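Okay, structure incoming, though there's no sequence with it:
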């Protein structure tokens, strides 16, 4: 069962600077993410992927256009939307125990301490870390710390999880495990997942759709539906000939080897 509402990006534009120094990063960008869907955003460095994600989170207001969550225009962070960043070291508080880190965002929502702890322990169990709740983040491996960051997003009880290069700072084995964890949580909890990534293979592996961004300023070049089913496996899925075809097409789009008019998805 899916939760939450659709995310709508409508004719989004974003400029930085003023006057002759103004730089337009995003222009006329439109897309939709349905409840329960996993969508990956890829594009060249500097294409504004993180800027787009911040707009989806309500953390940044676009220069033009708008972002809607259901019928509500997003102009500030929304209780239904959680964000997991790449910098787990900077996002976790080293002086708090793991379960306190997971429960920390709930304090601002007025949740009582006993309920916060119970919710934190449930989410640590969901990511396979129930036995480390009393440790400190610096006592854990990088992959485990990123699991804690994901658990914190889940503890917020948000039906939408936005992830900005979430696995870029961990080793390859941890990355594969975290990718599988994300897919499993999405299936079990019915959440919507939007992932910004530079890793084309990761995008194809995680996504129901891959949205390719490009151009100057950036717009949606193409969207690829990923027909690989919901039960994916690191070995079987990645060895599927369709996986290779899809990753090749995404790479060609990013390199500009396929000419397409920017369009909405």
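Perfect, thanks for sending it. Bear in mind that the values here come from a model prediction, so they are computed numbers and not experimental data.

Low-confidence regions, the stretch 51-200 of the chain specifically.
88 (pLDDT under 70).

Strands of this protein, start to end?
7-16, 23-33, 38-42, 64-69, 72-73, 81-84, 160-164, 192-196, 209-214, 219-225 (DSSP state E).

could the ones you listed go into JSON lines alongside distance to residue 251?
No exception for glycine: its C-beta is placed from N, CA and C like everyone else's. Conversion of the strands of the chain to JSON lines gives the following (distance: least, C-beta to C-beta, whole Å):
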{"stretch": "strand 7-16", "distance to residue 251": "24"}
{"stretch": "strand 23-33", "distance to residue 251": "20"}
{"stretch": "strand 38-42", "distance to residue 251": "9"}
{"stretch": "strand 64-69", "distance to residue 251": "28"}
{"stretch": "strand 72-73", "distance to residue 251": "35"}
{"stretch": "strand 81-84", "distance to residue 251": "25"}
{"stretch": "strand 160-164", "distance to residue 251": "21"}
{"stretch": "strand 192-196", "distance to residue 251": "17"}
{"stretch": "strand 209-214", "distance to residue 251": "10"}
{"stretch": "strand 219-225", "distance to residue 251": "12"}
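
which one of those strands lies closest to residue 116?
Closest to residue 116 of the strands of the chain is strand 81-84 (C-beta to C-beta; 15.3 Å).

And that closest one, how far out from the chain middle?
Mean C-alpha position of strand 81-84 versus that of the full chain (C-alpha atoms, centre = their mean, to the nearest Å) differs by 8 Å.

Give me the sheet partners of it and which way each runs.
Using DSSP bridges, the strands paired with strand 81-84 are strand 160-164 (parallel).

Taking strand 23-33 as reference, get the angle to the partner strand.
Interaxial angle, strand 160-164 versus strand 23-33 (axes from the mean of the first three to the mean of the last three C-alpha atoms, to 10 degrees): 140 degrees.

Next, the angle strand 7-16 makes with strand 160-164.
40 degrees.

Could you pull up the mean pLDDT of stretch 23-31?
Stretch 23-31 carries an average pLDDT of 88.

what's in contact with that stretch?
Applying C-beta atoms under 8 Å, 6 or more residues apart in numbering, the contact partners of stretch 23-31 are 9-17, 39, 48, 51-52, 62, 65, 211, 213, 217-220, 223, 262, 264-265.
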